[in-house]
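In: next comes the sequence, and after it the predicted model I'd like to discuss.
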Amino acid sequence: METRKAKLIIGKAGGTAGKGSKTYKIAIPSKWVRDLLSDGKDVELTFDGKSITLTPPCDVERFTEEKKKLRHKLIRVRVYDGGVLCSEIVADTTDRTVKHRNFTGNRLKTPFGNNENPDYSDFENFLAERCIPEGRDGLREYLGVLGIDTYDPIEIVRKTKGVMAEDNFYLETEEL
């Protein structure tokens with residue numbers, strides 16, 4: 001591992017940015033970038049509250065393999081519209097992270113719409129939207145029919161496939 005000190009370049013934001021907005025840039029050694037990225041210019045930035053990590057883009061397959069190596073609990077959710085696969089989501093319930101890919105350009109048929117970088121709460125919200133509302137009268141009886149003791153959107157979607165009366169979507173789930 002190599003460590004270097006660098007200066008943060010702070011500038012005024014332009015365009016439609018608010019008054020007093022700033023942009024931040026940092027120069028990274030060329031060799032580091034070449035070693036990190038075999039092709040392309042895209043990177044993923046991760047902020048954990050204490051540090052920023054720069055990594056090559058992570059697709060669903062790489063995400064799944066890395067999480068399996070860590071022995072995390074993973075759930076794959078495939079989103080279909082009338083039998084056509086629209087999206088695939090892999091959620092890590094251990095560290096509450098998620099990766100997805102869309103198979104359609106129609107954002108109305110994808111679980112996260114225009115959100116290219118959903119987090120685990122976006123995943124939970126998507127599942128909850130495909131379930132009976134938690135505050136609905138008769139919820140206990142409904143859960144009893146499904147054989148579920150508590151309101152858990154993942155379990156409800158496993159049993160109901162997230163089918164709703166107003167559209168042709170359904171979800172297939174599997175543990176990885």
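Out: In hand now; what should we look at? Numbering: from 1, shown residues only.

In: would you map out the domains in this protein?
Out: Domain assignment for the chain by automatic domain parsing gives 8-55, 60-175.

In: as TSV, those with mean neighbour count would be great.
Out: All C-beta spots, glycine's among them, are computed from the backbone N, C-alpha and C. Output for those, formatted as TSV (neighbours: other Cβ atoms under 10 Å):
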stretch	mean neighbour count
domain 8-55	9
domain 60-175	15
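
In: do you have the helices of this protein handy? List them.
Out: With helices called from DSSP state H, the chain shows them at 30-36, 60-69, 120-129, 139-146, 153-160.

In: tell me which strands and helices the third one is in contact with?
Out: Yep, that's helix 120-129 we're talking about. Applying 3 or more Cβ pairs under 8 Å, 6 or more residues apart in numbering; DSSP states H and E, one finds that helix 120-129 makes contact with strand 84-92, strand 97-102, helix 153-160.

In: try the last one
Out: Using 3+ Cβ pairs under 8 Å, 6+ apart as the contact criterion, the neighbours of helix 153-160 among helices and strands are helix 120-129, helix 139-146, strand 169-175.

In: output it as PDB, nothing but the C-alphas.
Out: Provided in PDB are the C-alpha atoms of helix 153-160 (Å, rounded to 0.1, in the frame of the first residue of the first chain):
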ATOM      1  CA  PRO A 153     -41.900  -6.900   3.100                       C
ATOM      2  CA  ILE A 154     -39.300  -9.400   2.000                       C
ATOM      3  CA  GLU A 155     -41.300 -12.300   3.300                       C
ATOM      4  CA  ILE A 156     -44.600 -10.900   2.000                       C
ATOM      5  CA  VAL A 157     -43.000 -10.500  -1.500                       C
ATOM      6  CA  ARG A 158     -41.700 -14.000  -1.400                       C
ATOM      7  CA  LYS A 159     -45.200 -15.300  -0.800                       C
ATOM      8  CA  THR A 160     -47.200 -12.900  -3.000                       C
END
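
In: show me how far it is from its chain's centre.
Out: With Cα atoms, centre = their mean, to the nearest Å as the basis, helix 153-160 stands 18 Å off its chain's centre.
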